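A.B. asks: need coordinates for the following:
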Amino acid sequence: MAGSSVVYLLVGVKYDHEVWREVWPRVMSNTIEACKRAGAKLVFFDNVYVYGSTPTAFGIASGGDPADHGCVRTLFVLRHSKSGHDEPVPDEQRRLTSRGRKDARRMGELAREKNLRPERVLCSTATRARETIDLFARGAKLDAPVDFLEALYLAEPAAILREIRAHARSSERVMVVGHNPGLESLLSTLTGERVELATTALAECILPVDRWSKLNLKTASTLRSMFSPRGARTVSSIGPSSPSLAPRFRPGRP
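C.D. replies: The predicted structure follows:
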């Protein structure tokens, strides 16, 4: 390594938030120390955890631990559950149906099983969104803080990102609970994939930013997986897919 200025690492550790933090320093400590001694810049490629088949590089300070540097952020996007249209109330006050309530709780249970719980939740003030996150949190046994934001009601992608930048703070894993077509459009814009988000569907998006303030509509991100109350599928090549749990996504109302 003598005389080197850049060292490239290609890491293939299957991602688990807790395991990653424990395993990474032990596996790579010798390499990091060697880079530090040589004064080399460490460029970290993690094509399994974050980027599917399209690796992206991060420059990491010599001697550091990429996990500790917070190189990525995870955005969970949850569309509200099925709501009724028969009550003579304003759109913002529509409540969940019986099926919607069951689906929201089931999605929370699934999120707990898959370790997909956020550290902070940003939620639309619409009644159907409030009820969704309440039931989701019960199923997930989630105690993360929830910010109810009027600006997320029927918000467009740019407005959603503005609220994320303003309220996500230092959390690495943030969930947005809201409405179509804004949520579908946001995911499609960030990932470059056609995304259909049915009621109660949950999408997991990996963002190559170390601070939420850097997130914008041009951030090239990875759609890691999508879930419905009755199933799930892995979208990128980060982990094994679950063909027996294939979901059915249908475009729907806001």
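
A.B. asks: pretty sure S221 contacts K214?
C.D. replies: No: using Cβ atoms under 8 Å, S221 makes no contact with K214, being 11.7 Å away. Any C-beta I mention is one placed from the backbone N, CA and C, and that applies to glycine too.

A.B. asks: between the two, which one's more packed in?
C.D. replies: Using other Cβ atoms under 10 Å, the more surrounded residue of S221 and K214 is S221, with 23 against 12.

A.B. asks: chain neighbours aside, what residue packs nearest to that one?
C.D. replies: The spatially closest residue to S221, leaving aside those adjacent along the chain, is L190, at 4.3 Å (Cβ to Cβ, 6 or more residues apart in numbering).

A.B. asks: how close does that neighbour get to V146?
C.D. replies: When Cβ to Cβ, to the nearest Å is applied, the distance between L190 and V146 equals 23 Å.

A.B. asks: same question, T191
C.D. replies: Counting by Cβ to Cβ, the gap between T191 and V146 amounts to 25 Å.

A.B. asks: for these two, indicate the residue with more neighbours.
C.D. replies: Regarding T191 and V146, a neighbour count based on other Cβ under 10 Å identifies T191 as having more, with 22 against 18.

A.B. asks: any idea which helix or strand carries the residue nearest to S221?
C.D. replies: With secondary structure defined by DSSP states H and E, L190 is part of helix 182-191.

A.B. asks: other residues contacting that helix?
C.D. replies: Contacts made with helix 182-191 from outside it, assessed by Cβ atoms under 8 Å, 6 or more residues apart in numbering, are listed as 77, 79, 154-157, 159-161, 176, 193-197, 203, 205, 207, 217, 219-223, 251.

A.B. asks: pLDDT on it, on average?
C.D. replies: Mean pLDDT, computed over helix 182-191, is 96.

A.B. asks: partner strands of the helix or strand following that helix and their direction?
C.D. replies: Next in sequence after helix 182-191, counting helices and strands by DSSP H and E, comes strand 202-207. For strand 202-207, sheet partners with direction are given as strand 73-79 (antiparallel), strand 222-228 (antiparallel), following DSSP bridges.

A.B. asks: turn those into TSV, columns for mean neighbour count.
C.D. replies: Output for the strands paired with strand 202-207, formatted as TSV (neighbours: other Cβ atoms under 10 Å):
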stretch	mean neighbour count
strand 73-79	24
strand 222-228	23
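
A.B. asks: any chance of these in a markdown table, with distance to R138 too?
C.D. replies: Supplementary listing: the strands paired with strand 202-207 in a markdown table, determined by distance: least, Cβ to Cβ, whole Å:
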| stretch | distance to R138 |
| --- | --- |
| strand 73-79 | 14 |
| strand 222-228 | 17 |
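
A.B. asks: relative to E87, which of the ones you listed is closest?
C.D. replies: Proximity to E87 (Cβ to Cβ) singles out strand 73-79 among the strands paired with strand 202-207, at 20.1 Å.

A.B. asks: the closest one versus helix 182-191: what angle between them?
C.D. replies: For the pair strand 73-79 and helix 182-191, the angle between their directions (axes from the mean of the first three to the mean of the last three Cα atoms, to 10 degrees) equals 150 degrees.

A.B. asks: what lies in contact with strand 73-79?
C.D. replies: Residues external to strand 73-79 that are found in contact with it (Cβ under 8 Å, 6+ apart): 107, 111, 116, 118, 132-133, 136, 164, 168, 172-180, 183, 186-187, 197-207, 209-212, 215, 221.

A.B. asks: quick check: L207 touching T219?
C.D. replies: Yes: between L207 and T219 there is a contact at 6.0 Å, judged by Cβ under 8 Å.

A.B. asks: between those two, which is the more surrounded one?
C.D. replies: With neighbours defined as other Cβ under 10 Å, L207 and T219 compare such that L207 has more, 21 against 17.

A.B. asks: now for that one: which residues touch it?
C.D. replies: Residues counted as contacts of L207 (Cβ under 8 Å, 6+ apart) are 72-75, 190, 215, 219, 221.
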